[in-house]
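Colleague: Take this sequence and fold it.
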Amino acid sequence: MEAHPDRMPWPTDIRRLLWMQGLMNASHFMTIPLIALYMSANLHFSAAALASVMSANLLCAQALPLAAGAIADRFGSHRLITLGLLLRGLGFLGFSYLDGPVAWVGCAAIAGTGVACYEGGVYGLFGRQPKAYHSALFASNNQMLNAGAAVGPIIGGLAGLADIRVALGVSATVFIALSAIAYKAKLGSSVIFGRQPMMESLKAALTHAGLWRLIVISLPWFFLFPQLYVAFPMYAGQLAGPHAASAIYVVNGVVGLAFIMMAKRWMLNRDASSLTTWAYLAAGAAFTSLAALRGIEWFLLFVVAYTVVETILMPTIESMTASLAPDGSQGTFFGVMSAVGALSGAGGYYVGSWLILNRTPVETWSALGAVGFLGFITSALLLRKR
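Modeller: Purely as a prediction, here's the structure:
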């Protein structure tokens with residue numbers, strides 16, 4: 001099947017990175033299903049403290065790639081990938097030992113900085129591959145991420161039955177081990193690229209009208225995506241208890257993996273602008289439906305629909321970003337996209353957690369559905385068929 005990373009004409013480092021993406025996401029999802037609920041139910045963090053922890057992680061993870069991408073364009077990706085995995089491990093290790101909100105904000109910032117370094121290196125390398133392969137490459141990347149997202153929550157859920165700190169410690173160990181593997185394998189060092197001065201890369205990205213149009217189109221999704229980590233597990237906990245949160249991520253990973261395997265060829269043959277527009281429409285309808293449909297079974301069915309939307313939107317936006325970038329500035333283009341998106345994502349964390357804790361389900365899901373419909377209108381007006 002075309003989707004298998006070993007059968008695509010990419011350099012060895014790219015194939016290895018695709019497999020590492022799966023392992024990395026498995027480690028990530030060992031604990032993410034439990035963190036928001038753990039902060040709320042066990043550590044008794046307020047909504048503001050909870051959102052501050054999640055936003056610290058998000059802002060570092062998505063704002064710092066602006067610098068990380070430019071560094072990757074200038075100096076290469078190998079050291080950034082290694083450092084990123086190590087910092088993520090140290091951040092999660094801190095989560096497993098510390099209790100206070102201030103300490104957790106600090107650990108979240110360290111882990112988020114690790115995400116920025118890692119993704120700045122990885123997506124800079126992905127973007128440097130031939131443009132003809134971008135759609136297939138980012139679809140395969142999404143496939144590997146979903147494979148990790150399917151396995152991770154199961155492992156984390158089993159570890160969490162004993163103590164969530166065990167799951168956090170296991171996740172930290174995996175990240176640190178992956179950093180050692182990346183360092184020894186020198187991932188990214190064999191990919192040949194022209195070194196671009198950092199200021200030239202930044203200028204190219206900041207003055208590119210097409211990139212800013214794509215950023216505006218992507219902002220509603222950057223707002224909705226964080227709900228997977230805040231509103232979803234907290235709402236599932238309200239409906240069916242703390243262990244329901246892990247079920248969300250198992251469904252998300254399994255459905256995402258199955259969908260991309262079955263629909264990858266269909267997605268590659270469709271226009272990116274149409275995929276984006278109709279995916280937003282589906283997101284608006286799905287979120288709004290929860291205003292009327294109650295119960296954990298309906299919520300899990302919603303997660304299925306959300307996952308299909310996510311599996312379409314994420315690789316499509318990534319592919320369009322890579323295709324817009326001139327040679328030598330790919331990492332910087334992803335960094336600018338990520339940095340601006342971080343502002344919308346931080347808003348999503350604060351608004352989502354506040355809505356779940358303070359407003360009715362009708363108000364919560366209607367408001368989030370309106371954001372999906374805003375994305376539909378924006379993409380319909382600004383995107384043009386390529």
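
Colleague: What helices and strands are in contact with the helix or strand harbouring L368?
Modeller: In this assignment (DSSP states H and E), L368 forms part of helix 361-382. Under the contact definition 3 or more C-beta pairs under 8 Å, 6 or more residues apart in numbering; DSSP states H and E, helix 361-382 sits against helix 209-224, helix 231-240, helix 272-289, helix 330-358. C-beta: built from backbone N, CA, C; applies to glycine.

Colleague: residues of the shortest one that come out buried?
Modeller: Within helix 231-240, the residues that count as buried by 16 or more other C-beta atoms under 10 Å are 231-237, 239-240.

Colleague: ok now that helix, how far from the chain's centre?
Modeller: For helix 231-240, the separation from the chain centroid amounts to 20 Å (computed by C-alpha atoms, centre = their mean, to the nearest Å).

Colleague: C-terminal to the helix or strand of the chain with the lowest mean pLDDT, which secondary structure element comes first?
Modeller: Taking mean pLDDT, DSSP states H and E as the measure, the chain has helix 65-75 as its least confident helix or strand, at a mean of 69. Toward the C-terminus, helix 65-75 is succeeded by helix 78-97 as the next helix or strand (DSSP H and E).

Colleague: can you tell me how far the residue lying closest to V308 once chain neighbours are set aside sits from E310?
Modeller: Excluding the flanking residues, the one nearest V308 by C-beta to C-beta, 6 or more residues apart in numbering is F259, at 5.5 Å. Separation of F259 from E310 (C-beta to C-beta, to the nearest Å) stands at 9 Å.

Colleague: Among the two, which residue is more densely surrounded?
Modeller: E310 (23 against 20; other C-beta atoms under 10 Å).

Colleague: can you tell me which residues contact that one?
Modeller: Residues in contact with E310 (C-beta atoms under 8 Å, 6 or more residues apart in numbering) are 225, 228, 252, 256.

Colleague: List the contacts of the nearest residue to the second one once chain neighbours are set aside.
Modeller: Leaving aside its chain neighbours, L228 sits nearest to N252 (7.0 Å; criterion: C-beta to C-beta, 6+ apart). With contacts defined as C-beta under 8 Å, 6+ apart, the neighbours of N252 are 146, 149, 228, 303, 306-307, 310.

Colleague: where does N252 sit relative to G106, distance-wise?
Modeller: Computed with C-beta to C-beta, the distance linking N252 and G106 is 28 Å.

Colleague: Same check on T321?
Modeller: Counting by C-beta to C-beta, the gap from T321 to G106 is 31 Å.

Colleague: more crowded one of these two?
Modeller: T321 (24 against 16).

Colleague: Could you tell me the phi and psi values at the more buried one?
Modeller: Note on T321: its backbone torsions stand at phi -60, psi -50 [degrees, to the nearest 10].

Colleague: what number of residues lie near the closest residue to it other than its chain neighbours?
Modeller: Spatial nearest neighbour of T321, chain neighbours left out: M337 (5.3 Å); criterion: C-beta to C-beta, 6+ apart. Neighbours of M337 under the rule other C-beta under 10 Å: 28.
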